[in-house]
Every structure is written in C-alpha cells, then in structure tokens.
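Engineer: Just a sequence and a predicted model for now, questions to come.
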Amino acid sequence: MQQRKLGKSDIAVAPLAFGGNVFGWSIDEKTSFSILDKFVESGLNLIDTADVYSRWVPGNQGGESETIIGKWLAQGGRRDKVVIATKVGKDMGEGRVGLKKAYIQRAVEDSLRRLQTDYIDLYQSHDDDRSTPFEETLEAYGDLVRAGKVRIIGASNYDADRLAQARQVGQQLGLPLYQTLQPEYSLIAREDFERKLEPYCLEHGVGVIGFYSLASGFLSGKYRSEADLGKSAARGGRVKGYLNERGLKILAALDTVAERRASTPASVALAWLIARPSVTAPIASATSLAQLDALVAATRLQLGADDISLLDQASAY
C-alpha cells in the first residue's frame with residue numbers, strides 16, 4: 001500500500017481515510033470493530049473522527065465514535081498501526097464549543113480518555129472560530145504538541161484566506177501550523193475547493209483529507225431517482241439535491257469507467273480523488289464489510305488519463 005505524508009509532517013498514511021462518523025450512529029459497536037479490523041488488515045491506517053460524533057442521534061451526547069474507537073484500540077496491539085485524527089470545536093452543548101485555549105485544553109483530555117490513548121496523531125479545528133484569535137488557538141495547540149498529547153494539527157471548514165492568516169500568525173510566533181485541511185470535495189462538489197483552497201494547499205504543502213467524498217452515497221450509484229431516496233432516511237434529503245442533469249451525467253460517467261475497469265462507481269469516484277495531486281487521502285465511510293471492500297478497492301484502482309478526462313468533463317462546473 002502506497003504511503004503519503006500528512007502535510008509536511010513525518011506521519012505517513014495510506015491514500016484513504018475511514019470516516020468514523022458512522023460509529024455509534026448507523027452501525028453498532030460490534031460491527032464497528034469488525035470494520036476497523038478489516039480496514040487495518042487491508043493495509044489502511046488513517047481513522048478520522050470528532051468529539052461531536054454522533055451527538056445528532058437522539059439519546060447521544062457526543063463522544064460515541066471516539067469511545068468505540070477507544071474500546072477497539074484497548075483490545076491491544078494496534079495503536080502503532082493506526083493514525084488517529086479527531087476534531088474539536090463543534091457545539092457539544094453546555095457551552096462546550098469553539099477554539100479558546102481553556103476549552104481546547106479540556107476537550108483534548110476528554111478525547112484522549114474516550115480514545116484510550118496517550119496521544120492524538122492529528123488534532124483538527126472542526127470549524128473556524130472567528131471569535132477567538134489565532135494566537136490563542138495555536139498557542140493551545142503548541143502546548144499540547146510540547147506535552148506529547150498531539151503530534152500535528154489540522155483545520156476543517158476553513159477558507160483559503162483564513163488558512164493563510166493562521167499560517168502567518170503561526171510563523172510569526174513560532175507556533176504549530178495547520179498541516180492538513182478537511183474540505184468538502186468530490187466529483188459533485190468541486191468548485192469551492194478547486195478555485196482557492198486547492199492552489200493554497202499545493203503551494204504550502206497542506207495535506208487534503210476531504211469529506212463527503214462519495215457525496216453521502218450518491219456517487220456509489222445507490223440513488224438514481226427520487227424513488228431511491230427512501231433507502232436512507234438520514235441521507236435521502238441531502239442526496240435529493242444531486243438528482244439533476246449534472247448529477248446524472250456524473251453517474252453515467254462513473255458507470256462507463258467502472259465497466260471499463262471492472263470496478264464499481266464508488267471505487268472509481270474515490271480513485272478519481274486519490275489521483276488528484278492535491279489530495280492526500282479522501283475520507284469515506286462504510287457500514288458493512290461489503291461496502292468497505294469497495295473503499296479498499298479504490299486504493300488499488302489505477303485510472304487512465306482517458307478515465308480522468310471523462311470524469312472531469314462530466315463533473316465540470
């Protein structure tokens with residue numbers, strides 16, 4: 001399995017990340033364990049989660065995903081085989097939100113406890129907190145890096161201008177720099193990333209681990225008409241917006257390439273991302289071992305120039 005560095009750090013990851021938002025939401029602990037086992041056995045190592053996962057589920061409080069990952073790690077012998085990425089900053093209730101220093105110091109301890117580990121490989125600002133100066137946030141991260149509790153930091157949902165500002169502050173004060181970015185990026189959602197964020201990341205060596213890589217499952221080909229939306233109560237509403245001329249054109253191109261490569265639309269959609277020079281490892285989730293197989297297959301699928309050109313044209317914005 002090929003390895004890629006996270007930004008300019010020395011942390012190497014396989015070219016696909018597993019999205020842990022499904023743990024404690026759409027799959028239970030037992031299924032989560034089996035998927036994580038196979039994920040690692042397949043040669044993959046980057047697991048992405050967040051403290052807020054999966055607070056949106058009735059009865060959940062947040063932290064469920066980290067807790068499941070922690071229990072899996074506690075079974076023994078795997079911490080050095082995986083790269084754990086989690087996030088801080090989204091609303092956890094009771095005033096627990098944002099990127100102020102005191103809150104980050106509290107939140108990281110909660111995440112470490114749930115994950116049952118002494119350190120987090122990649123700790124990410126889940127949202128841009130414009131009410132907190134970059135100096136304060138980066139100083140908090142600097143303390144955590146020096147304490148050995150965090151290896152590197154990343155950002156999620158930041159625009160290029162704010163990333164540049166954070167970089168300038170970090171360089172001026174000798175504080176940690178964001179080594180990675182999590183933007184929404186897929187064949188469906190290209191424009192926002194490609195216009196400004198992608199050039200910035202390429203120029204400064206920021207690793208990209210985009211989310212919604214399969215557009216909530218749309219790019220797997222599972223949803224081809226409004227009649228299919230009922231297949232997922234959680235995702236149907238979001239997917240409905242993709243059922244238009246452009247979306248169907250993208251599916252047709254995926255079908256063509258999948259047939260040509262004896263593959264699947266999901267694998268092809270992820271392989272297109274993996275082939276993008278700016279992308280380190282797209283994030284994708286699976287709720288079954290069969291779905292995981294399609295993710296793993298993407299890391300071994302070599303698209304030709306003609307395949308990429310067809311997909312580029314079909315998804316042009």
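Structural biologist: It's in. Residues are numbered from 1 along each chain as shown.
Engineer: contacting residues around the nearest residue to Ile68 once chain neighbours are set aside?
Structural biologist: Distances taken as CB to CB, 6 or more residues apart in numbering put Phe23 closest to Ile68, at 4.3 Å, once the chain neighbours are dropped. C-beta here means a position set from N, CA and C on the backbone, and glycine is covered the same way. When contacts are counted by CB atoms under 8 Å, 6 or more residues apart in numbering, Phe23 touches 29, 32, 49, 53-54, 64-65, 68-69.
Engineer: 6 Å instead, please
Structural biologist: With CB atoms under 6 Å, 6 or more residues apart in numbering as the criterion, the residues that contact Phe23 are 32, 65, 68.
Engineer: quick one: it from Leu187, how far?
Structural biologist: Phe23 is 26 Å from Leu187, where distance means CB to CB, to the nearest Å.
Engineer: thinking again about what came up before, quick one: which of the contacts of Phe23 is most hemmed in?
Structural biologist: Ser65 (29 neighbours; other CB atoms under 10 Å).
Engineer: thought that residue was touching Thr49?
Structural biologist: Yes. Taking contacts as CB atoms under 6 Å, Ser65 lies within contact range of Thr49: 4.6 Å.
Engineer: so what sits against both of the two?
Structural biologist: Both Ser65 and Thr49 are contacted by Gly20, under the criterion CB under 6 Å, 6+ apart.
Engineer: quick one: contacts for Ile152?
Structural biologist: Taking CB under 6 Å, 6+ apart as the contact definition, Ile152 lies against 9, 122, 179.
Engineer: now those residues as a markdown table including secondary structure, pLDDT and distance to Lys222?
Structural biologist: Below are those laid out as a markdown table (DSSP: H, G, I helix; E, B strand; the rest coil; pLDDT from 0 to 100; distance: CB to CB, whole Å):
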| residue | secondary structure | pLDDT | distance to Lys222 |
| --- | --- | --- | --- |
| Ser9 | coil | 98 | 35 |
| Leu122 | strand | 98 | 30 |
| Gln179 | strand | 98 | 34 |
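Engineer: By neighbour count, which of those residues wins?
Structural biologist: When neighbours are taken as other CB under 10 Å, the top entry among these is Leu122 (27 neighbours).
Engineer: In PDB, list the C-alpha atoms belonging to whichever helix or strand Glu259 is part of.
Structural biologist: When secondary structure is defined using DSSP states H and E, the element that contains Glu259 is helix 245-260. What follows is the C-alpha trace of helix 245-260 in PDB, where atoms were taken according to Å, rounded to 0.1, in the frame of the first residue of the first chain:
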ATOM      1  CA  GLU A 245     -28.800  16.800 -15.100                       C
ATOM      2  CA  ARG A 246     -25.200  17.300 -13.800                       C
ATOM      3  CA  GLY A 247     -25.600  14.600 -11.100                       C
ATOM      4  CA  LEU A 248     -26.900  12.000 -13.500                       C
ATOM      5  CA  LYS A 249     -24.200  12.900 -16.100                       C
ATOM      6  CA  ILE A 250     -21.600  12.200 -13.400                       C
ATOM      7  CA  LEU A 251     -23.200   8.800 -12.600                       C
ATOM      8  CA  ALA A 252     -23.200   7.900 -16.300                       C
ATOM      9  CA  ALA A 253     -19.500   8.700 -16.500                       C
ATOM     10  CA  LEU A 254     -18.800   6.600 -13.300                       C
ATOM     11  CA  ASP A 255     -20.800   3.700 -14.800                       C
ATOM     12  CA  THR A 256     -18.700   3.900 -18.000                       C
ATOM     13  CA  VAL A 257     -15.400   3.900 -16.200                       C
ATOM     14  CA  ALA A 258     -16.500   1.300 -13.700                       C
ATOM     15  CA  GLU A 259     -17.400  -1.100 -16.600                       C
ATOM     16  CA  ARG A 260     -14.200  -0.300 -18.400                       C
END
